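Trainee: can you look at this prediction? I've put the sequence above it.
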Amino acid sequence: MAANSNPTVGRRRLGAELRRLRQASGLKSTEAAQRLMVSQPKISHLENGRRAISPRDVRDLCAIYGVTDRQVIDLLMQMAGESGQQGWWHAYGDIPQSVYVALETDAASLRTYESMATPGLLRTPAYAHAVIGETIPLPTVEEAGTRLKVLLRQQHRIYDPARPLRLWVVLDESVLRRVVGSPDVMREQLEHLNALGAEPHVTVQVLPYTAGAHPGLTGQFSILRSADSTAAGAVYLERFTSDLYLEKPSDVRLYSGMHDRLRDQALDPDNSRDFITDAIKSYIAAASRP
């Protein structure tokens, strides 16, 4: 299994394929559970990728579903064996947003709209440290340090030479205007944004206040797609406690259309770079004042 492979996403893919095979066989989940001699919730958890499945259970389910192609069975059993392995983030313990980290690690492309703060993948350490310190109620030194380490590890996806993440970011102007940390922290952060925006696989656009009402007024969202062209992708909506993940193709299409509209309303990448440069100048001036 490759170092950057993703067991959580692997379980989700395997579960989706097992669901497809069950439905093709005409069996309900309760009937499949009875034949496998397990509870119906276990079948549901397996199909949703919420728990690992053994190669033996995969073999038995294939028999129940009437799958006879040996190559298909062997491939599914291999996926089951690999899905039990842990991703890099498990070394940091029980971290928040672990599902999102798993999806992001597997993703080939990420389109996102941010209305409040710079996206995590594009944050400088100083900016990220300030966000963690100001948004988490009474974080311990250990908790803040772990969150920062995980975020900086996530950023490796941008620089992976074998499979760099295709990243398209639309930022509301308020992201540039909100002072996080200090004027010096903001200057460094915006310089970092412009530097990353110059990379061929990263696009940064700014949605100015003058754009008026737009589809992003409801808040932040991200659309993740894996290299698997058959997968519809997933929409991620960040919340303080329980994040939301939408995987219905209709939901993914809806948010994809919203992101397309935001890109059309935003400044183009060159003008966005100039807009960010002007904001940088304002922070340089602010930092120089007594």
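Mentor: Okay, I see it.
Trainee: low-confidence ranges in the stretch 151-290 of the chain?
Mentor: Within the stretch 151-290 of the chain, the ranges that satisfy pLDDT under 70 run 228-232, 240-242.
Trainee: so where do the helices sit in it?
Mentor: 156-159, 173-177, 183-197, 249-265, 269-288 (DSSP state H, counting those that start in this stretch).
Trainee: center of this protein - which residue?
Mentor: The centroid of the chain falls nearest to E104 when counting by Cα atoms, centre = their mean (3.8 Å).
Trainee: just the element for that one, please.
Mentor: Assigned by DSSP states H and E, E104 falls within helix 98-106.
Trainee: and that helix, what does it pack onto?
Mentor: Contacts defined by 3 or more Cβ pairs under 8 Å, 6 or more residues apart in numbering; DSSP states H and E place helix 98-106 against helix 7-25, helix 141-154, strand 221-226, strand 234-237, strand 244-246. From N, CA and C alone the C-beta is placed, and that goes for glycine too.
Trainee: please redo it, this time with the cut-off set to 7 Å
Mentor: In terms of contacts (3 or more Cβ pairs under 7 Å, 6 or more residues apart in numbering; DSSP states H and E), helix 98-106 is packed against helix 7-25, strand 221-226.
Trainee: gap between it and the chain center?
Mentor: Chain-centre distance of helix 98-106: 5 Å, with Cα atoms, centre = their mean, to the nearest Å.
Trainee: next, the angle helix 141-154 makes with it.
Mentor: Counting by axes from the mean of the first three to the mean of the last three Cα atoms, to 10 degrees, helix 98-106 lies at 30 degrees to helix 141-154.
Trainee: after helix 98-106, which helix or strand is next? Please name it.
Mentor: For helix 98-106, the succeeding helix or strand toward the C-terminus, using DSSP H and E, is strand 107-114.
Trainee: so how far is A195 from the residue nearest to the centre of the chain?
Mentor: Taking Cβ to Cβ, to the nearest Å as the measure, E104 falls 21 Å from A195.
Trainee: same thing with S182?
Mentor: On the measure of Cβ to Cβ, S182 and A195 end up 20 Å apart.
Trainee: compare these two (neighbour count), which wins?
Mentor: Set side by side, S182 and A195 show more neighbours around S182, with 14 against 11, by other Cβ atoms under 10 Å.
Trainee: not counting its neighbours along the chain, what's nearest that one?
Mentor: A287 (7.5 Å; Cβ to Cβ, 6 or more residues apart in numbering).
Trainee: who touches the one you found in this structure?
Mentor: By Cβ atoms under 7 Å, 6 or more residues apart in numbering, the residues touching A287 are P183, D184, R187.
Trainee: reformat those residues as CSV; add distance to V141 and neighbour count.
Mentor: Converted to CSV, the contacts of A287 look like this (distance: Cβ to Cβ, whole Å; neighbours: other Cβ atoms under 10 Å):
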residue, distance to V141, neighbour count
P183, 26, 16
D184, 23, 13
R187, 26, 19
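Trainee: quick one, what contacts P164?
Mentor: I158, H201.
Trainee: next, it: phi, psi?
Mentor: Main-chain torsions, P164, degrees, to the nearest 10: phi -60, psi 140.
Trainee: 24 is where my numbering starts, stick with that
Mentor: Okay, using 24 as the starting number, the last item reads as P187.
Trainee: please tell me how far it sits from R58.
Mentor: 45 Å.
Trainee: verify the stated contact: G143 with L174.
Mentor: Yes: using Cβ atoms under 7 Å, G143 is in contact with L174, at 5.3 Å.
Trainee: more crowded one of the two?
Mentor: Taking neighbours as other Cβ under 10 Å, G143 and L174 compare with G143 leading, 22 against 19.
Trainee: mind checking the backbone torsions on that one?
Mentor: Torsion angles at G143 (phi, psi; degrees, to the nearest 10) stand at phi -50, psi -40.
Trainee: list the contacts for it?
Mentor: So G143 contacts L174, Q177 (Cβ under 7 Å, 6+ apart).
Trainee: ok, which of the helices of the stretch 174-313 of the chain comes nearest I96?
Mentor: I96 lies closest to helix 272-288 among these, at 27.3 Å (Cβ to Cβ).
Trainee: mind exporting the closest one as CSV, just the C-alpha atoms?
Mentor: Coordinates of each C-alpha in helix 272-288 appear next as CSV, following Å, rounded to 0.1, in the frame of the first residue of the first chain:
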residue,chain,number,x,y,z
PRO,A,272,-24.3,13.5,-6.9
SER,A,273,-27.1,16.1,-7.0
ASP,A,274,-25.5,17.9,-4.0
VAL,A,275,-22.1,17.8,-5.5
ARG,A,276,-23.4,19.3,-8.8
LEU,A,277,-25.3,22.0,-6.9
TYR,A,278,-22.2,23.2,-5.0
SER,A,279,-20.0,22.8,-8.1
GLY,A,280,-22.3,25.2,-9.9
MET,A,281,-22.1,27.6,-6.9
HIS,A,282,-18.3,27.5,-7.1
ASP,A,283,-18.4,28.2,-10.8
ARG,A,284,-20.7,31.2,-10.2
LEU,A,285,-18.3,32.5,-7.5
ARG,A,286,-15.3,32.2,-9.8
ASP,A,287,-17.2,34.2,-12.4
GLN,A,288,-18.1,37.0,-10.0
